[in-house]
Structure formats: C-alpha cells, structure tokens
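**Student:** Next comes the sequence, and after it the predicted model I'd like to discuss.
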Number of protein chains: 2
Amino acid sequence: MDQVNSQKPHEQLAEQLDQEMTAVNALIRDRMASKHAPRIPEVTAHLVEAGGKRLRPMLTLAAAKLCGYAGDDHLKLAATVEFIHTATLLHDDVVDESGQRRGRPTANLLWDNKSSVLVGDYLFSRSFQLMVETGSLRVLDILANASATIAEGEVLQMTAASDLRTDEAVYLQVVRGKTAALFSAATEVGGVIAGVSEDAVQALFDYGDALGIAFQIADDLLDYQGDSKVTGKNVGDDFRERKLTLPVIKAVAQATDAERAFWVRTIEKGRQEDGDLEQALGLMAKYGTLDATRQDALAWAAKAQTAMAKLPEHPLRQILSDLAEYVVARLK
Amino acid sequence: MDQVNSQKPHEQLAEQLDQEMTAVNALIRDRMASKHAPRIPEVTAHLVEAGGKRLRPMLTLAAAKLCGYAGDDHLKLAATVEFIHTATLLHDDVVDESGQRRGRPTANLLWDNKSSVLVGDYLFSRSFQLMVETGSLRVLDILANASATIAEGEVLQMTAASDLRTDEAVYLQVVRGKTAALFSAATEVGGVIAGVSEDAVQALFDYGDALGIAFQIADDLLDYQGDSKVTGKNVGDDFRERKLTLPVIKAVAQATDAERAFWVRTIEKGRQEDGDLEQALGLMAKYGTLDATRQDALAWAAKAQTAMAKLPEHPLRQILSDLAEYVVARLK
C-alpha cells in the first residue's frame, strides 16, 4: 500500500469518484421517491442516509472508469447495486430480529416487519427498472444471477448456520450469497458496459468475488478477535448466536469426540453455559483455526490483487488493489 | 356466456391450455429447485402445489396463443408470472400475520417469517432469471414496472387501509398493485412476445387491467355480502380488520358528521363494539354503496370485454371474454 498517502483506500475511492457519487446519490433519492406512498422514502432515507460507506456503488463506478467508460449508465448501475444492497439489509432486519444496523435502530424497530419487507420489495423493483434502462441484456443476466445467489445464500445460511455438517464449501457459498455475489456483480457490470474484453470482464468478476470473500472472512474472524470498540460488536456474538463461521468450522473438522459433543451442545442445541465462549476460543487456539482463517482471508485478498493486476493501468486500479489489502490489514 | 358449455371459463382455459400448463408446471418445479438449500422447495411446494387456479400463467399463455405465438418463451413468462405471484403471497404472509391461505396454514406458521421473506426473494430472483432468458427488453420493462406497481401498492395499502382520507382514486391504485398490475402484465407480455401491433398490445393490457380490477372489487364486495360457505371468509372480515374497501369508502364520502364519527371510531381508531358491523352495513344500505360497488365491478368487467373484442377472433378470445363476465356473475 502506498504509505505516503495516509487516506484509507475507500476514502481515496470516495475522493476520486466524488462527482459521480453526487450524481448517484441524487439518482437514489429521485428513484426511491414515491408519489403515492410517503412511507417508502421515510423507511429508506433512514438507511440510505445513515452514512454507509457506499462501497458497492463505488466498485461499479471505479470498474467502469478504469475500463475507460465514458457514458452515464454506470451511474444507474451504481444506484441499482446500492438499492439491491439496501433491500437486502431491510429483509435481513426482518429475519435476524436485530436491533441495530450501522449504529442506529433498524427500520424494523422504528416501523415494523411489514414496512421492512414491502419497502425492500419496492427497492428491488426500482433497481430492476434502473437496470432495464441500461438496455443491456448481459447486465440484466449478471444481476439476475447475483440476486439468485444472494437469495439462495440467505436461505442456506438460515438452514446451515447451526448445522455441524456445514463445511468450508457450504460456508463459502453462504459468504458468496451474503457479500461476494453483489461485489462481483458490481465490478463485472462496470466492465461489461465499458465493453472491455472477456478476459478483463472475468478479472473484474474475480476481483469482486475475492474481495467480498476476504471482507466477509475478515468480519467473521474479527467477531472472535476484534476490538469491540473498533468493530462495534462484542467478542463471540456469532458463538452466542450459534453461527458456524470459518474459525469454528475448522475446529469442528478436527474435533475429538469430546470436543464434538461440546460443539453439538453449544452450537447445534444452543445450550450454552458460562465459560463456553472461553472453551470455544481454547479449542480454536488448540487447532490454530483463527490463524488459519486469517491465512485464508489473506489468500483471498491476494487473489483479488492478482485479478486487478490483469486490468489496464489506472490510478483507480491501484486504489482497488490497495482496498483488497486494507480489508485484511486490520487482522492480527 | 355460452350457456351450452357448463364448464366455468377458468376450467375451459385449463382444458385449452392443458399441454402448455403441464410444461409450465414442470418448469416451475425445475426452477424452484435449489441444489444447496432444500428449504426452498419445501416452502414453495407448499404454495405452488396447493392447487391455486393458476389463473395468471394461463392469462399469459392464452394471450400469446390467441395472438398466434408459436415459440416457447410464453412458457417461461407464464412461470415468471406465477413465481412473482407466489413470492407476493409469501411476503403477504409475513405482513398480514394471516393464518390461512388457500385453506391451508400459511408458510409463515409452518416455518417462520425468515423463510417466507427469503424464499419469496429467491422466487423473485428466479422469475427475474426466467424473463432475462426471453431476451426481450420490452418484456423486462413491463415486468419491472409491474413489480414496482405491486410493491408500491402494497406499501400504499399498509398506510392507507385505515385512513379515512383514502378515496376511490387511492383505492384503485391499491387494487392495481394488489391484483391488476400482474394481470395486465401477464396478458401484455403474451402479446409482446407474439409481436402483435401496438393496438393489440394495448388491448391486452386493458383487458388484464380491467379484469384484475373487476376481480378485486368483486372480492371486496363479497366480503360484505358473500356466502361464507362459498367465499371461505366471514362477512365483515375487512371491517373487523379496519380495511377501507370500496363499499365503505363510498359510504364515508357521503357520511353525516355523526356517521363520520362512527367510521373514525371503528376504522381509524379500531375501537369496535358489538353491533358495529350491523351499523356499518346499515350505512352502506342507506347510501346504496354495495349496489354502487357492484355497478363498478360490472363496468370494469364490461371494459375488459370491450378490450378483448379488439383482438383477433379465436376460441380463447371467447373464453377470456366469458371470464370477465364470470368474475362478476357471482355478485348479487
């Protein structure tokens, strides 16, 4: 990473894409307005203006720009991607009964499940209209497939989360649904509308896919070893919520019979007692699974950088490459 | 209606479209399968095999066939339309906390809100993939717009249902979202893939729109005067659920101050007492709003028939025209 520049890569992205992001934000506000149903902007403004990093739309803009795209459709696709992301968050709120999102109460508590589901559906349909406006069947195909992967991953997570048979392959699929499918679609469509070669489109897909996976593995690892002041989460939240993530999956795979009984009780059956989190961390230490998980995250980040290196030289290429490194740099 | 044929119009449709519907049902089963998430077919099979009339996919098939369409894309679009409908039902289940759907317990009680939301999303994304496969941007545009109208209508219903300012124009919009938008998209796309004239496409849209509105107004009227053995609903369910439908909207529009206070208490504030339903029915009788509502339903059915008459002669044209009449024939 360029140590001279003290800005974080996503801050550099925001600076480089400032003009386009202003247009994307205007488009988002315009398209989420509803003449007839004022409840819609009430619910979405809450999320859209909550100051998320807007990473996904920036990925689309950056991909298109670094491929030399000169039109306006990347703005529509960036808004599309953010709408899909916001809709997913709204539907997640219903699902997880979570009380906080980006440090604010979720829409679901301020309003109700009804609003979260229906306004999420509205944003999905608005995103669908936006992508149709680009007139690119290939873009529609990519985003339709990403939507299916996202939905399938969410269902899979729901059924697999506390099932000890969940292995690394299933975990990867859940992670793709949760994060990587939208990242990779976001970068891929940027290349597609720019009309670059198939190799370049594939590299953009690979970058987004690997970046998303690195990002999610890092998140899951930080749940066990992050500083709660930085992450805003308590250590072991995933354990308490009986979520099988990579560090536990790796420990389960190597468990003795007694250890397996521990995982069955705490994760599958959810009968947790005082000291269980410490025992879980002990088992992860015994098999070095936190370190192995970190190695996996680093490997995915490296894969993202390798993919990015296949694209034409451009200031944005460097920032995107740095972003992959940054995502895992916070890991101990 | 042809009195010699004792079959109901939707039964005639099913007979005429038997072969295509077999293919559509196979496509639906194939596309709702998920390698990775067995929960998905569990939830959807429940709905898809619950023996709904499959009216929407039949509308698409009939529209395409009567326009002389000879390809296979109408099968995909019929499956698309049924997936959208099923997804909407799943999300409605979350929303209404309703315990019964098509005479069976809803997915939401058998599984949970989580499954209903996420499996609904999965079906939406599968429908999106199916329509992309037709390669028609115009079809995608129509279905994207229909999806937005459906979602907006659902949100509107949520906010307007118990609000006495809801007038007939808002009611119509809710009805379009709830029923007519998918009916009109179903018939319109059938004409579009057949490549018929703009006038014919418009007539197909108008038919589906008017049929859907007639259908929904009839449903709302039957809530107040239907035979509960036939409708499966108790008289006055909408009143007890504080839903403003056309018969009440018409009574509110003509209410004296005292009557208005009654509607405010029972609908807006929901403070209902014994005898309120009888008083509500009395006010509807005073202003003849049940009969006026019936006249509206008949007028929409006639509009549907007028639109259908603009299309080329075909056995299916007669059945679709009869269907419009049948939808309102059950009204006293």
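**Tutor:** Right, received. Where do you want to start? Residues are numbered from 1 along each chain as shown, chains lettered A, B, ... in the order given.
**Student:** Where does the prediction get shaky in chain A?
**Tutor:** A:1-5, A:35-39, A:43-52, A:95-111, A:228-233 (pLDDT under 70).
**Student:** Please enumerate the strands of it.
**Tutor:** A:100-101, A:104-105 (DSSP state E).
**Student:** I'd say residue A:23 and residue A:74 touch.
**Tutor:** No. The criterion here is Cβ atoms under 8 Å, and residue A:23 misses it with residue A:74 at 9.8 Å. Heads up, the C-betas are built off the backbone N, CA and C, glycines and all.
**Student:** who's in contact with residue A:176?
**Tutor:** A:149, A:153, A:209, A:212-213 (Cβ atoms under 8 Å, 6 or more residues apart in numbering or on different chains).
**Student:** Keep only those of those that are in helices.
**Tutor:** Counting by DSSP state H, those place A:149, A:153, A:209, A:212-213 in helices.
**Student:** Residue A:136 and chain B, how far apart?
**Tutor:** Residue A:136 sits 9 Å away from chain B when distances are taken as Cβ to the nearest Cβ, to the nearest Å.
**Student:** how deep is that residue tucked in, by neighbour count?
**Tutor:** Residues lying near residue A:136 (other Cβ atoms under 10 Å in any protein chain shown) number 19.
**Student:** Report how many residues lie close to the residue of the stretch 201-332 of chain A found nearest chain B.
**Tutor:** Closest contact between the stretch 201-332 of chain A and chain B, by Cβ to the nearest Cβ, is at residue A:241 (13.4 Å). By other Cβ under 10 Å, the residues close to residue A:241 number 14.
**Student:** Residue A:71 too?
**Tutor:** Using other Cβ under 10 Å, residue A:71 has 12 neighbouring residues.
**Student:** if we can go back for a sec, pick out whichever of the ones in helices among the contacts of residue A:176 sits closest to residue B:258.
**Tutor:** Closest approach to residue B:258 among the ones in helices among the contacts of residue A:176 (Cβ to Cβ): residue A:153, at 57.2 Å.
**Student:** How about that closest one: what's its closest non-neighbour residue?
**Tutor:** Here the nearest residue to residue A:153 in space, its sequence neighbours aside, is residue A:177; by Cβ to Cβ, 6 or more residues apart in numbering or on different chains that works out to 1.2 Å.
**Student:** re the thing from before, among the contacts of residue A:176, find the one with the greatest number of neighbours, please.
**Tutor:** Scoring those on neighbours with other Cβ under 10 Å, the highest-scoring entry is residue A:212 at 28 neighbours.
**Student:** Touching, that residue and residue A:186? I think so.
**Tutor:** No. Counting by Cβ under 8 Å, residue A:212 does not reach residue A:186; the two are 9.1 Å apart.
**Student:** tell me the contacts of the residue lying closest to residue A:279 once chain neighbours are set aside?
**Tutor:** Once flanking residues are discounted, residue A:279 sits nearest to residue A:262: 6.6 Å by Cβ to Cβ, 6+ apart. By Cβ under 8 Å, 6+ apart, residue A:262 lies in contact with A:255, A:276, A:279-280, A:283.
**Student:** Which one of those residues sits in the busiest neighbourhood?
**Tutor:** residue A:280 (22 neighbours).
**Student:** what's around the residue nearest to residue A:276 when sequence neighbours are not counted, how many residues?
**Tutor:** Sequence neighbours aside, residue A:266 is the residue nearest to residue A:276 in space, at 5.2 Å (criterion: Cβ to Cβ, 6+ apart). If you count neighbours by other Cβ under 10 Å, residue A:266 ends up with 21.
**Student:** what do you get for residue A:274?
**Tutor:** By the measure other Cβ under 10 Å, the count of residues near residue A:274 is 6.
**Student:** ok, it to residue B:82 distance?
**Tutor:** Separation of residue A:274 from residue B:82 (Cβ to Cβ, to the nearest Å) stands at 52 Å.
**Student:** same check, this time on residue A:164
**Tutor:** Distance of residue A:164 to residue B:82, computed by Cβ to Cβ: 37 Å.
**Student:** between the two, which one's more packed in?
**Tutor:** residue B:82 (27 against 17).
**Student:** Who are the contact partners of that one?
**Tutor:** The neighbourhood of residue B:82, defined by Cβ under 8 Å, 6+ apart, consists of B:24, B:28, B:48, B:54, B:56-57.
**Student:** Most neighbours among these, which one?
**Tutor:** residue B:57 leads the contacts of residue B:82 on contacts (other Cβ under 10 Å) with 28 neighbours.
**Student:** Burial check on the residue nearest to it when sequence neighbours are not counted, number of neighbours?
**Tutor:** Of all residues not flanking residue B:57 in the chain, residue B:78 sits nearest, at 3.5 Å (Cβ to Cβ, 6+ apart). Using other Cβ under 10 Å, residue B:78 has 32 other residues around it.
**Student:** my guess is residue B:78 contacts residue B:25, does it?
**Tutor:** No. Using Cβ under 8 Å, residue B:78 is not in contact with residue B:25; the gap is 9.6 Å.
**Student:** Tally up the residues packed near residue A:72, please.
**Tutor:** 12.
**Student:** meant to ask about residue A:273
**Tutor:** Neighbours of residue A:273 (other Cβ under 10 Å): 9.
**Student:** give me phi/psi at it?
**Tutor:** For residue A:273, the backbone dihedrals (degrees, to the nearest 10) come out as phi -130, psi 170.
**Student:** Over to residue A:313?
**Tutor:** Phi and psi for residue A:313, reported as degrees, to the nearest 10, are phi -60, psi 140.
**Student:** I'd like to know how far it sits from residue A:321.
**Tutor:** Taken as Cβ to Cβ, the span from residue A:313 to residue A:321 is 11 Å.
**Student:** Pick out whichever of these two has more residues nearby.
**Tutor:** residue A:321 (21 against 9).
**Student:** That one touches residue A:305, doesn't it?
**Tutor:** Yes. At 5.0 Å, residue A:321 and residue A:305 qualify as touching, with contact defined as Cβ under 8 Å.
**Student:** Could you check how far the residue nearest to residue A:279 is from residue A:239?
**Tutor:** With Cβ to Cβ as the criterion, residue A:262 and residue A:239 are 12 Å apart.
**Student:** so what sits against both of the two?
**Tutor:** Common neighbours of residue A:262 and residue A:239, using Cβ under 8 Å, 6+ apart, are A:276, A:280.
**Student:** Return the closest of the contacts of residue B:82 with respect to residue B:114.
**Tutor:** Nearest to residue B:114 among the contacts of residue B:82, with distances taken as Cβ to Cβ, is residue B:48, at 19.4 Å.
**Student:** Can you tell me the centre-most residue of chain A?
**Tutor:** Centroid check for chain A by Cα atoms, centre = their mean gives residue A:179 as the closest residue, at 3.0 Å.
**Student:** Might one say that it is in contact with residue A:209?
**Tutor:** No. At 9.7 Å, residue A:179 does not count as touching residue A:209 under the criterion of Cβ under 8 Å.
**Student:** Spit out the contact partners of residue A:84.
**Tutor:** Contacts of residue A:84 by Cβ under 8 Å, 6+ apart are A:123-124, A:127, A:143, A:146-147, A:150, A:182.
**Student:** excluding its backbone neighbours, what's nearest residue A:221?
**Tutor:** In space, and not counting its chain neighbours, residue A:221 is closest to residue A:293: 4.9 Å by Cβ to Cβ, 6+ apart.
**Student:** Now do that neighbour against residue B:133, distance only.
**Tutor:** Residue A:293 is 39 Å from residue B:133, where distance means Cβ to Cβ.
**Student:** For the two, indicate the residue with more neighbours.
**Tutor:** Neighbours were counted for residue A:293 and for residue B:133 using other Cβ under 10 Å; residue A:293 has more, 25 against 14.
**Student:** surely that one meets residue A:220?
**Tutor:** Yes. Counting by Cβ under 8 Å, residue A:220 is a contact partner of residue A:293 at 7.3 Å.
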